[in-house]
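1. Test case, fold it:
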Amino acid sequence: MLSEFFHLAAVSPTRRRTFRLIAGSHIAILAFLIVSMAQSGDWTNHLALGNALLIAGIVEGALLIGWRLTQLPKSQALEFLLVTQLQPSRFLFAEALVGMWRLLLVTLTGVPFLAYLWFVGTIGPFEMATLLAMPLAWGMLTGFALAAWAYEPLEVRVWGERLAMLGVLFYLIVGVLVGENLPRWLHLFPSFFANWLLASLLALHEYNPFGAMRAAMLESTAALGQVLFVTFAGLGVAGLCLYRGMVRLLPHFHDLHYRPALLANDLPRPEVGNSPLSWSAVKRVSQFSGRINLWLACGFTLSYSAYLLAGPYWPDWLGKNVFLTFETMGGVPMLTTALVLLASVPAAFQYGLWDHNAQDRCRRLELLLLTDLDSRDYWDAAFAAAWHRGWGYFLLAGILWTVGWLTGSYTFAQALTAAAAGVALWGLYFTLGFWSFSSGAQGNTLGLVLTLLLPLATYVAARFGLIHIAEWLPPGSLYFARGASALWAIGPVAAGLVTLVAARFTLAHSDASLRRWYDRNHGIKAAD
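-> Below you'll find the predicted structure:
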């Protein structure tokens, strides 16, 4: 029976396409790092290599394991499997094995590149093993943790968000505002408590994946114990999350499809109004709204803005090394670009309208296409859902542009130019995402290209001196808006023209495209 799960993953067109894209991205990242080392002549930059592979492993685990497992219960077709002799826990375990295997294959695509670095003497066997094992372990943890979190009851997720908010607050106070002045602050507490707290914070700083990777790349085998502890801790927590997901799969499926929607308080609910599809799309994306990420971004952005506004008057008893480090990484342009890209993620992926698979999408369209809804209604619904998820990040970017203008790092014209480039980027990503939805193209592939590969291509172009190409790409148009060259305007203008043309074309043909897609896919057995 287990072979059927692997066979399904192997023949599914969408899963094969996603796997190839992720594997290709993994290879491209490693190739770029090696070429950068060769170009600069610095073959000792192990830390950048380790951090890049660790971040890649976490993202790949979320995409290959977490996305698949979180979307499975949304399909009511799963009900037929859950009433057979195949127990829900065994079903999820089989899917988890497939996800782990696919993640392992993506990780192993980097072996030839790491073997080359070993051959030329850049890394040793310990570093190579660390660069393979730690991203794999923490990628698994990320994927299973996302699934376990999604399967938890609503009450648990609500309290979990509250605890996460306290964690974000603690991080901002200790890691950002206190920072390097932590020993000075600890003198305010009794010695035994101060020593315990300092030891705990140092342990958290060292015994996390990035701390262990830093130690492994800089200290080599001297960090063996630290690396083993962090790697096996990641695998152990991943196993616990997998077990929790196996236990919660069936109750979560029942909660998702059969639990009555009861009002838990007397707060007024938003009216459906004259746009029921928009109301439904916003309701769908509100179930997992990503508030924790927004809180973290908000806390750091406001702290950084306060530091910029204070300037030389920033108090000595507050930390500033974090902000100084961030200044060397790009400062306001880098942070605003990252925030606008985060705001554009729901615009590119179209969370409010996309369904997990073709069968579920056919069921939804079977009802919607019988109504009087037209292309504009779908457009408005997609816009409402995307803006509901992304407006907070865009607001934070606006705050930073305003602070940059007030502190003199931006002129007023440059701040408006950057804001216009951000609007052009968001509009382009939304229009292309809506085109993908209406045409039936694979939304996840386009979303990954726009939100991950395009920023990577911008960075690569800038790193190799192709500044004009970097400026013309949407992320680069935003990042280089402050010191734009004479040819910079080509990028935003081209993005705006593509947005207008694509929007008019899509609005004119989306209804016919949706009906054509429905006719082609309705009743067809697909392995997706």
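2. So what touches stretch 162-170?
-> The contact list for stretch 162-170 (CB atoms under 8 Å, 6 or more residues apart in numbering) reads 292, 295-296, 299. C-beta coordinates here come from the backbone N, C-alpha and C atoms, glycine included.
3. let me fix that: stretch 487-504
-> 420-421, 424-425, 427-428, 431-432, 434-435, 468, 471-474, 476-477, 480-481.
4. Could you identify the longest helix within this structure?
-> Secondary structure of the chain read by DSSP state H shows that its longest helix is helix 224-258.
5. Mark which of the contacts of stretch 162-170 are buried, thanks.
-> Listed as buried from these are 295-296, 299; burial here means 16 or more other CB atoms under 10 Å.
6. Need those residues in a markdown table (columns: secondary structure, pLDDT and distance to Phe19).
-> Listed next are the buried ones among the contacts of stretch 162-170 as a markdown table, based on DSSP: H, G, I helix; E, B strand; the rest coil; pLDDT from 0 to 100; distance: CB to CB, whole Å:
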| residue | secondary structure | pLDDT | distance to Phe19 |
| --- | --- | --- | --- |
| Trp295 | helix | 84 | 33 |
| Leu296 | helix | 83 | 30 |
| Gly299 | helix | 85 | 36 |
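7. picking up where we left off before, roughly how far is the longest helix of the chain from the heart of the chain?
-> A distance of 19 Å separates the centroid of the chain from that of helix 224-258, by CA atoms, centre = their mean, to the nearest Å.
8. residues contacting the residue nearest to the spatial centre of the chain?
-> Residue closest to the average C-alpha location in the chain (CA atoms, centre = their mean): Val59, at 7.0 Å. By CB under 8 Å, 6+ apart, Val59 lies in contact with 139, 452.
9. Helix or strand: which one has it?
-> Assigned by DSSP states H and E, Val59 belongs to helix 46-61.
10. Which parts of the protein belong to which domain?
-> The chain resolves into domains spanning 1-168+185-259, 286-528 when parsed by automatic domain parsing.
11. The helix or strand following the longest helix of the chain packs against which elements?
-> Sequence order places helix 276-285 as the next helix or strand after helix 224-258, per DSSP H and E. Packing partners of helix 276-285 (3 or more CB pairs under 8 Å, 6 or more residues apart in numbering; DSSP states H and E): helix 375-406.
12. and if we set it to 10 Å?
-> Judged by 3 or more CB pairs under 10 Å, 6 or more residues apart in numbering; DSSP states H and E, helix 276-285 is in contact with helix 358-368, helix 375-406.
13. Quick check: which of the ones you listed is nearest to Gly99?
-> Among the helices and strands packed on helix 276-285, the nearest to Gly99 by CB to CB is helix 358-368 (20.0 Å).
14. from the middle of its chain, how far away would that closest one be?
-> The answer for helix 358-368 is 27 Å, by CA atoms, centre = their mean.
15. Listing request: residues of the stretch 201-350 of the chain with sub-threshold pLDDT.
-> Applying pLDDT under 70 to the stretch 201-350 of the chain flags residues 261-267, 270, 288-289.
16. hmm, 90 instead?
-> 201-208, 210-226, 249-304, 306-308, 310-333, 345-346, 348-350 (pLDDT under 90).
17. before we move on, the earlier item: report the angle between the helix holding Val59 and helix 224-258.
-> 20 degrees (axes from the mean of the first three to the mean of the last three CA atoms, to 10 degrees).
18. Could I get the buried ones among the contacts of stretch 162-170 in a markdown table, plus columns for distance to Val237?
-> Formatted as a markdown table, those follow (distance: CB to CB, whole Å):
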| residue | distance to Val237 |
| --- | --- |
| Trp295 | 23 |
| Leu296 | 20 |
| Gly299 | 25 |
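19. Of those, just say which sits nearest to Ser191.
-> Gly299 (30.3 Å).
20. follow-up on the earlier one: from the contacts of stretch 162-170, which is closest to Ala28?
-> Nearest member of the contacts of stretch 162-170 to Ala28, counting by CB to CB, is Leu296, at 27.9 Å.
21. count of residues packed around the closest residue in space to Asn521 that isn't next to it in sequence?
-> Leaving aside its sequence neighbours, Asn521 sits nearest to Ala358 (CB to CB, 6 or more residues apart in numbering; 5.0 Å). Applying other CB atoms under 10 Å, we find 21 residues neighbouring Ala358.
22. so what pLDDT did Ala358 get?
-> Per-residue confidence (pLDDT) for Ala358: 70.
23. wait, Gly236 sits on Ala137?
-> Yes: using CB atoms under 10 Å, Gly236 is in contact with Ala137, at 9.3 Å.
24. More neighbours: which of those two?
-> Ala137 (22 against 12).
25. need the contact list for that one.
-> Under the criterion of CB atoms under 10 Å, 6 or more residues apart in numbering, the neighbours of Ala137 are 57, 61, 209, 230-238.
26. Relative to Ile58, how far out is it?
-> 10 Å (CB to CB, to the nearest Å).
27. what's the answer for His254, then?
-> His254 sits 31 Å away from Ile58, going by CB to CB.
28. Look at the two and report which has more neighbours.
-> Ile58 (18 against 13).
29. Just give me the neighbour total for Phe232.
-> The number of residues packed near Phe232 is 12, by other CB under 10 Å.
30. so what's it up against?
-> Applying CB under 10 Å, 6+ apart to Phe232 gives the contacts 133, 137.
31. That one and Phe210: what is the separation?
-> In terms of CB to CB, Phe232 sits 17 Å off from Phe210.
32. ditto for Asp316
-> On the measure of CB to CB, Asp316 and Phe210 end up 28 Å apart.
33. who has more neighbours, these two?
-> Neighbour totals were compared for Asp316 and Phe210, and Phe210 leads with 17 against 8 (other CB under 10 Å).
34. What helix or strand is that one located in?
-> helix 209-219.
35. Ala233: what's it in contact with?
-> For Ala233, the contacting residues are 137-138, 141, 207-209, 212, by CB under 10 Å, 6+ apart.
36. For these, pick the one with the most neighbours.
-> Among these, the one with the most neighbours (other CB under 10 Å) is Trp138, at 28 neighbours.
37. Just confirm that residue contacts Val237, I think it does.
-> Yes: Trp138 is in contact with Val237 according to CB under 10 Å; the separation is 9.4 Å.
38. shared neighbours, the two?
-> Counting by CB under 10 Å, 6+ apart, the residues touching both Trp138 and Val237 are Ala145.
39. related to what we said a few turns ago, what's the overlap in contacts for Ala137 and Ile58?
-> In terms of CB under 10 Å, 6+ apart, Ala137 and Ile58 are both contacted by the residues Pro209.
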